[in-house]
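*Asks:* Sequence first, predicted model second:
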Amino acid sequence: MHVLTRSVRFAVGAVPPGPDSRNGYAGRPAMAGLGAHYELAVRCRGDLDPTLGYMIDIQEIDRAVRAAAIPRIRAAFDEHPSSDPGMVLAGVIPHLGAELRGLLDSVIWQLSPYYSVEVRMGALGTVLVRQRFDFAAAHRLHVESLSPEENLRLFGKCNYPGGHGHNYQVEPCIAAPLGPSGAAVPLGALESLVHAIIIERFDHRNLNQDVAEFRSPTGVNPSVENIAGVCFGLLAPEIARGFPGAELRSVTVWESDRTSSTFPA
């Protein structure tokens, strides 16, 4: 069994109805006037064709998205601009699944570089909402039970006494039931909650000194892995309390564009 993911980019709004551009990498149809640029990450799951060596021709995925997904998203954008994205995507999935001959596993709709919704083929009543946030903080990797020499050997420059800083990004992934009015996690309310629970606590702080979860002698070492775990522990009960029926599935934290950690995996 294999998983294949194909990303399809396109524009809606003041856009001609037909494929007016050949630049599929940047988006097809292309932007014309004011509109919105979207990306669908279409995930297929299945066995490989024993002769061809692949599961499905990626051009078939492109055609399926342009036949079954883009027209429905464009119609919602044009006719019902206040539609809940999770509801729109849940309505797209069965049609796209039929076009892809039962291979469709899930679709992630990237509504902006920092906000997405995902619906899985076998769980049309649930949407996974992801939103990314940022904060700046300093930390020092140091374990009190180890000698200064051992700490320096293990952590190198990250153990220097003055610490160092990162521009962190944090992305919770929330599973929310879809009701008549859409997902049970309004984006504005989620942003307020994450700001109060995570950003206010961590932003422009020295994690080792200012945040109880990382402060010696009882706190954990503020590695990116532990930061993700602490964020999950802080957010999970608040998500459940603030959004009935919703559940925090995971939290991903980036300390740079090359290093991130997700908890739970």
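*Replies:* Alright, I've got the coordinates.
*Asks:* Look up the closest residue to A64, ignoring the ones flanking it.
*Replies:* Of all residues not flanking A64 in the chain, E99 sits nearest, at 3.7 Å (CB to CB, 6 or more residues apart in numbering). To be clear about C-beta, it is placed using only N, CA and C from the backbone, and glycine gets the same treatment.
*Asks:* try E225
*Replies:* Among residues not flanking E225 along the chain, S261 sits closest, at 4.4 Å (CB to CB, 6+ apart).
*Asks:* Phi, psi for H95 please.
*Replies:* Main-chain dihedrals, H95, degrees, to the nearest 10: phi -70, psi -40.
*Asks:* Check the contact between it and A68; I expect there is one.
*Replies:* Yes: the criterion here is CB atoms under 8 Å, and H95 meets it with A68 at 4.1 Å.
*Asks:* Would you mind telling me which of these two has the busier surroundings?
*Replies:* The residue with more neighbours, out of H95 and A68, is A68; 19 against 15, by other CB atoms under 10 Å.
*Asks:* Is the more buried one part of a helix or strand, or is it coil?
*Replies:* helix (DSSP: H, G, I helix; E, B strand; the rest coil).
*Asks:* measure it to R45 for me?
*Replies:* Relative to R45, A68 is positioned 18 Å away (CB to CB, to the nearest Å).
*Asks:* again, but for H2
*Replies:* Distance from H2 to R45, by CB to CB: 7 Å.
*Asks:* the more surrounded of the two?
*Replies:* Higher neighbour count among H2 and R45: R45, with 16 against 10, using other CB under 10 Å.
*Asks:* how far away is the more buried one from A67?
*Replies:* On the measure of CB to CB, R45 and A67 end up 20 Å apart.
*Asks:* thinking again about what came up before, check for me that the residue nearest to E225 belongs to a strand.
*Replies:* Yes: per three-state DSSP, S261 lies within a strand segment.
*Asks:* all helices in the chain, in order from the N-terminus.
*Replies:* Secondary structure of the chain by DSSP state H: the helices cover 58-64, 70-79, 85-99, 148-155, 187-194, 200-202, 207-210, 224-242.
*Asks:* And the ones you listed: which comes nearest P177?
*Replies:* Nearest to P177, of all these, is helix 85-99, at 9.7 Å by CB to CB.
*Asks:* what does that closest one contact?
*Replies:* For helix 85-99, the surrounding residues in contact (CB atoms under 8 Å, 6 or more residues apart in numbering) are 42, 63-65, 67-69, 72-73, 76, 104, 107, 109, 111, 117-119, 121, 124-125, 127, 129, 176, 178, 182-183.
*Asks:* Swap in 6 Å and give it another go.
*Replies:* Helix 85-99 has contacts (CB atoms under 6 Å, 6 or more residues apart in numbering) with 64, 68-69, 72, 76, 104, 109, 111, 117, 119, 121, 124, 127, 178, 182-183.
*Asks:* Quick check on these: which are buried?
*Replies:* Taking 16 or more other CB atoms under 10 Å as the criterion, what is buried in the contacts of helix 85-99 is 64, 68-69, 76, 104, 109, 111, 117, 119, 121, 127, 178, 182-183.
*Asks:* Just give me the closest of these to A11.
*Replies:* L111 (12.9 Å).
*Asks:* what's the closest one in contact with, if anything?
*Replies:* P85.
*Asks:* gap between the closest residue to L40 other than its chain neighbours and F243?
*Replies:* Leaving aside its sequence neighbours, L40 sits nearest to V8 (CB to CB, 6+ apart; 4.9 Å). Distance, V8 to F243, by CB to CB: 30 Å.
*Asks:* care to break the protein down by domain?
*Replies:* Per the record, the chain has its domains at 2-121, 131-263, by automatic domain parsing.
*Asks:* Compare the mean pLDDT across the ones you listed and name the weakest.
*Replies:* Mean pLDDT values for those show the minimum at domain 2-121, a mean of 91.
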